[in-house]
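Chemist: Pasting a predicted model and its sequence here:
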Amino acid sequence: MRALTPQAARQLPGPWSDQRVAAAERVAAAAMPSPDEEIWRYSRIAELDLDRFAPVAPHTVVVGGDQLVAAIDEVDVVGGEAPDLFAELNTAFMAPLVVRVPPGQVLAEPIVVTHTVAGEGTAHFPRLVIDAGADSEVTVVERFVSPNGDRALVVPMLQVRAAQAARVRYLAVNELGPRVWQIGHQRSVGERDSTTLLATVALGGDYARVRTEATLVGQGASTKQVALYFAGGTQMHDFRTVQDHAAPRTYSDLLFKGAVLDSAKSVYTGLIKIRNEAKGSQAFQTNRNLTLSEGAWAESVPNLEIETNDVKCSHASTVGPIDAEQRFYLESRGVPPQVAERLVVLGFFDEVLAQLPAGDLAGELRARVAAKLLSHLDDLDAQVVGR
């Protein structure tokens, strides 16, 4: 890694120089991850050459949350070890943004954070920290956009701490360019009677991977994770999730829905972990995938790790093409085949779209999904005409 060195980390501004250098030194001493490792299984990590990227300060715009957003503050509110080399890289080169909501304060409007990822050969390391005080409420939307076709790497990190009875809703939207790699890590910790929602919409990027861990440490805490991902061309979307119950009578629910077309790929690996002290907890996990082309590929790997008996858990996953009965029902009523396919796919995603804390953005996201699908159907039409 010619540019991502301890010396480069030491030169960055901010009060975290020792923390940066220590993380960069751990990166320098570590080997690059390999698909042979279980946590990188099915990934495209072997294609990544970090020597081709140099760190830059991200271009970030924040709308809303006046007086609550700071660039210099506590940047680690959840603790724990870094899960992989990329989390260490984020610590070494992070550009932090901290949203701190005082106890009892309720924000009626969402805070929108937009990162622009641009510049050939650039590496971006945004870190968003949401620290919600007791009985507070906040919604944060984080968008990742690319204005052009530059080859770039973005390694974002999200940390959420929801204090007692706090309500936190978070949405990440990947609108990255076709030559951008994203390797992200999200982690939330929910204290007693708190509620957290971690949502993701992934439409862009070349290879986009997000590891999401939601840990419930207080009795009565609950968390929901939802995601919509739609890959085309040669894209790959890769999700790893953990629902970690560490306190009694906690609740988690996960719904991830994805579609792949052309020669795109997706992989979902999820774990429900119920610790011995989490008696009376409930956890549910659902992953559904549509394969819309013969060359597309999707994999789903749900897992359970339960240390106590007094719990209620379930997991379910499916991978397959559009339901033939749904398509036949529409076509038998005069709906053209390609319109029928579009209606079925949009209906498939509506369950997730309805749960996003997106507000006015929900309509825009649905339109982008429809446009991506329509482009694919137009390509099929052109192929038929060209025969």
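Modeler: Yep, it's here.
Chemist: where does the chain have its least confident helix or strand?
Modeler: When the helices and strands of the chain are compared on mean pLDDT, DSSP states H and E, helix 361-386 comes out lowest with a mean of 78.
Chemist: quick one: low-confidence parts of the stretch 1-150 of the chain?
Modeler: By pLDDT under 70, the low-scoring segments of the stretch 1-150 of the chain are 1.
Chemist: the helices in it, which residues?
Modeler: 6-10, 17-29, 85-93 (DSSP state H, counting those that start in this stretch).
Chemist: now those helices as a markdown table including mean neighbour count and distance to His245?
Modeler: Backbone N, C-alpha and C define where each C-beta goes, glycine included. Shown next, in a markdown table, are the helices of the stretch 1-150 of the chain (neighbours: other CB atoms under 10 Å; distance: least, CB to CB, whole Å):
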| stretch | mean neighbour count | distance to His245 |
| --- | --- | --- |
| helix 6-10 | 16 | 36 |
| helix 17-29 | 17 | 29 |
| helix 85-93 | 23 | 22 |
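Chemist: These: which one's closest to Gly64?
Modeler: helix 85-93 (24.1 Å; CB to CB).
Chemist: how distant is the closest one from the center of its chain?
Modeler: Distance of helix 85-93 from its chain centroid, counting by CA atoms, centre = their mean, to the nearest Å, is 17 Å.
Chemist: Also stretch 14-23?
Modeler: Centroid separation for stretch 14-23 versus its chain: 26 Å, with CA atoms, centre = their mean.
Chemist: residues making contact with that stretch?
Modeler: 6, 9-10, 12, 72, 75, 82, 88-89, 91-94, 96 (CB atoms under 8 Å, 6 or more residues apart in numbering).
Chemist: mind saving the C-alpha coords of it as CSV?
Modeler: Extracted C-alpha coordinates of stretch 14-23, given in CSV (Å, rounded to 0.1, in the frame of the first residue of the first chain):
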residue,chain,number,x,y,z
GLY,A,14,-7.3,16.4,13.9
PRO,A,15,-6.7,15.3,17.4
TRP,A,16,-6.5,11.6,16.7
SER,A,17,-2.9,11.3,15.4
ASP,A,18,-1.9,8.5,17.8
GLN,A,19,-5.1,6.6,17.0
ARG,A,20,-4.6,7.0,13.3
VAL,A,21,-0.9,5.9,13.3
ALA,A,22,-1.6,2.9,15.4
ALA,A,23,-4.4,1.7,13.1
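Chemist: Relative to Ile274, how far out is Tyr251?
Modeler: 11 Å (CB to CB, to the nearest Å).
Chemist: Spit out the residues that contact the two alike.
Modeler: With CB under 8 Å, 6+ apart, Tyr251 and Ile274 have common neighbours 281, 283.
Chemist: where do the strands sit along the stretch 151-300 of the chain?
Modeler: Using DSSP state E, counting those that start in this stretch, the strands of the stretch 151-300 of the chain run over 152-154, 157-162, 167-175, 180-190, 195-202, 207-216, 222-231, 236-245, 251-260, 265-274, 282-291, 297-306.
Chemist: In a markdown table: those, plus distance to Arg26, mean pLDDT and mean neighbour count.
Modeler: A markdown table is the format used below for the strands of the stretch 151-300 of the chain (distance: least, CB to CB, whole Å; pLDDT from 0 to 100; neighbours: other CB atoms under 10 Å):
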| stretch | distance to Arg26 | mean pLDDT | mean neighbour count |
| --- | --- | --- | --- |
| strand 152-154 | 19 | 98 | 24 |
| strand 157-162 | 15 | 97 | 26 |
| strand 167-175 | 26 | 97 | 23 |
| strand 180-190 | 15 | 98 | 24 |
| strand 195-202 | 27 | 98 | 24 |
| strand 207-216 | 18 | 97 | 24 |
| strand 222-231 | 28 | 97 | 25 |
| strand 236-245 | 21 | 98 | 25 |
| strand 251-260 | 31 | 97 | 23 |
| strand 265-274 | 25 | 97 | 23 |
| strand 282-291 | 32 | 97 | 22 |
| strand 297-306 | 27 | 96 | 17 |
